[in-house]
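Enquirer: I'll drop the sequence and a predicted model, then ask my questions.
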Amino acid sequence: MAKVSFKEDRCKGCKLCVAVCPRKIVIMKDKFNLKGFHPAGVKDMDLCTGCGFCAMICPDCVIEVEK
């Protein structure tokens, strides 16, 4: 099973990861991070295939994918 982790305090909420997720499980959280942005997260980790598209497109290297 794949696991995706986000460094939420570094996320600037650009939503690029949301746009490229083929399973549509990457979402923007309701809470704010230290920078004042809504950070990205995964709504159902069990559906993640570990494709890594979200990590590849992230301009701030906030996302790490483990297979």
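Expert: Great, that's in hand.
Enquirer: can you tell me how far the closest residue to residue 20 other than its chain neighbours sits from residue 21?
Expert: Leaving aside its sequence neighbours, residue 20 sits nearest to residue 53 (Cβ to Cβ, 6 or more residues apart in numbering; 4.4 Å). No exception for glycine: its C-beta is placed from N, CA and C like everyone else's. Distance, residue 53 to residue 21, using Cβ to Cβ, to the nearest Å: 7 Å.
Enquirer: between the two, who's got more neighbours?
Expert: It is residue 21, of residue 53 and residue 21, that has more neighbours when counted by other Cβ atoms under 10 Å, with 21 against 18.
Enquirer: ok, that one touching residue 54?
Expert: Yes: contact criterion Cβ atoms under 8 Å: residue 21 and residue 54 qualify, at 5.8 Å.
Enquirer: Tell me what the closest residue to residue 55 other than its chain neighbours is bridged to.
Expert: Spatial nearest neighbour of residue 55, excluding adjacent residues (Cβ to Cβ, 6+ apart): residue 63 at 4.2 Å. Counting by DSSP bridges, residue 63 forms beta bridges with residue 6.
Enquirer: so what's the backbone phi/psi at the residue nearest to residue 20?
Expert: Dihedral angles phi and psi of residue 53 (degrees, to the nearest 10) take the values phi -60, psi -40.
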